[in-house]
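[1] Pasting the sequence and the predicted model now:
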Amino acid sequence: MPHLLAGILLIAGGNVFAQDQALLQEALKDCDKNQLTMNMCASHRYTTADKALNQQYKKLMVQQEAVGKQRLRDAQRAWISFRDKDCLANTGLREESGSIWPLLHYSCLERHTVQRTEDLKLQACGMEGCEK
């Protein structure tokens, strides 16, 4: 019985995920259609930027020795805290802004994340500089 229930939940969860993906793909066709699509597109842009940041972070971690890894980890955790607090300061609480809040919040997160990715790329170049 537990296996049957787990199977049902897995199938149901997969269907919900597929529906969410279909909605996202439709929203991405016209991000300016309405507030919902603007919010969905902003969330998608942030998620994409976050994935790029995580890839760059992992590349940089591989280059580091033990002390450098710990320093980078500490710096990244501090940066995440700063990013979240800065975006909260810029956009306020969700209850204060209404339906535009997700657009504002995700746009702020994306902006910081893209900049951090660029910073980590430069850091990965080291003292020799980046190839052009």
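    Yep, that arrived. Residues are numbered from 1 along each chain as shown.
[2] I'd like the next helix or strand past the helix or strand of the chain with the lowest mean pLDDT.
    Here the helix or strand of the chain ranked lowest by mean pLDDT, DSSP states H and E is helix 2-29, holding a mean of 58. As assigned by DSSP states H and E, the chain's next helix or strand after helix 2-29 is helix 35-63.
[3] and that next one, what does it pack onto?
    With contacts taken as 3 or more Cβ pairs under 8 Å, 6 or more residues apart in numbering; DSSP states H and E, helix 35-63 sits against helix 2-29, helix 66-91, helix 101-125. Just so you know, the C-beta spots here come from the backbone N, C-alpha and C atoms, and that holds for glycine as well.
[4] mind running it again at 6 Å?
    helix 2-29, helix 101-125 (3 or more Cβ pairs under 6 Å, 6 or more residues apart in numbering; DSSP states H and E).
[5] Give me the angle between the last one and helix 35-63.
    For helix 101-125 and helix 35-63, the angle between their directions (axes from the mean of the first three to the mean of the last three Cα atoms, to 10 degrees) works out to 20 degrees.
[6] And helix 101-125, what does it pack against?
    Counting by 3+ Cβ pairs under 6 Å, 6+ apart, helix 101-125 packs on helix 35-63, helix 66-91.
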